[in-house]
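Sequence first, then the predicted structure, then my questions.
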Amino acid sequence: MAEAFYRSLGFRRVGNSAWFGYAKDPNHASRHLEAALDLRVSEPSSSSQWPAIHKLMTTIANPRISDGTSLQRLRQTFPVSTAEFRAVDDPRWEVQSNPEGDTLLHKAALACKPKTVKYILSLRPDLATRSNAIYYTALHVLEETMEKLRHPFPSSSIDTPRPVTRPFKGYSTASLECYQILKLCSEQKGETLLSDDARLATLIESMKDGSFIMDSDIR
């Protein structure tokens, strides 16, 4: 109903996003696009429509459940033993867990479960570059979480008192492993990463003190 109202006022969808915009230029192509021809974006499946996936997402997101247990339950839901299995055609991978549009990979990354992240990407490496509803990939949401751990409070003026926090002692191995898995997979489409454990271990060891520069530092 709301979409129809905005279209009647001349608003048109911005790309394939959830946003609508109105061009001030009367010669803009969108001003000549009939409302009936404006792009319709289908609503993504929510986890409530897939009880088993909802349960799996809850398991993966729970920090009290180990990475190994999460991986085991993920394998039970998405096995690779059948020859006809094609992960890319399985609609359950498209299920989103919340209004932000987080997928299984977003959940696994935020929970810092590298084995689970690695298995997901072994089946669907394209998810490494998949954004949620607010245009954050799994790598972006993990970076944001890690950045808040390193700098819990944004920089402020000299006159503004800052809360006293515990000194930063570095990141956990699990979070660094997830970070590098996602980063390398985004760059290499997952082809080299999943069999290059030695390179991964070297990168992780060099990052533990938190002195490296994340992509979020230069965005």
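Okay, I see it.

Low-confidence bits of the protein, can you list those?
Scanning the chain for pLDDT under 70 picks out 1, 15-18, 39-49, 81-89, 97, 152-168, 189-219.

Now do the buried residues in the host helix or strand of T59.
Following DSSP states H and E, one finds T59 within helix 51-61. Using 16 or more other Cβ atoms under 10 Å as the test for burial, helix 51-61 gives I53, L56, M57, T59, I60, A61. Bear in mind the C-beta positions are built from the backbone N, C-alpha and C, glycine included.

separation between the third one and T129?
M57 sits 20 Å away from T129, taking Cβ to Cβ, to the nearest Å as the criterion.

name the helices or strands packed onto the longest helix anywhere in the chain?
Assignment by DSSP state H gives helix 173-188 as the longest helix of the chain. For helix 173-188, the packing partners by 3 or more Cβ pairs under 8 Å, 6 or more residues apart in numbering; DSSP states H and E come out as helix 104-110, helix 114-123, helix 138-150, helix 197-205.

got the domain boundaries for this structure?
2-37, 47-155+167-218 (automatic domain parsing).

Deepest in the core, which of those domains is it.
domain 47-155+167-218 (a mean of 17; mean count of other Cβ atoms under 10 Å).

Quick one: residues in contact with stretch 10-30.
Stretch 10-30 is touched from outside by E3, Y6, R7, L9, R31, L33, D38, L39, V41, A133, with contacts defined as Cβ atoms under 8 Å, 6 or more residues apart in numbering.

list the contacts for the fourth one?
Meaning L9. Y22 are the contacts of L9 under Cβ under 8 Å, 6+ apart.

for the last one, same thing?
Contacts of A133 were listed using Cβ under 8 Å, 6+ apart, and they are A18, Q96, P99, E100, G101.

Name the surrounding residues that touch stretch 136-144.
Contacts for stretch 136-144 (Cβ under 8 Å, 6+ apart): 100, 102-103, 105-106, 108-110, 112, 117, 127-132, 175, 178-179, 182-183, 186, 214-216.

switch the cut-off to 7 Å
Residues from elsewhere that reach stretch 136-144, judged by Cβ atoms under 7 Å, 6 or more residues apart in numbering: 105-106, 109-110, 128-131, 178-179, 182-183, 186, 214-216.

now, the most widely separated pair of those?
R130 and M214 (19.6 Å; Cβ to Cβ).

Please give me every residue in contact with P99.
By Cβ under 7 Å, 6+ apart, the neighbours of P99 are A133.

got the phi/psi numbers for G170?
Main-chain dihedrals, G170, degrees, to the nearest 10: phi 100, psi 170.
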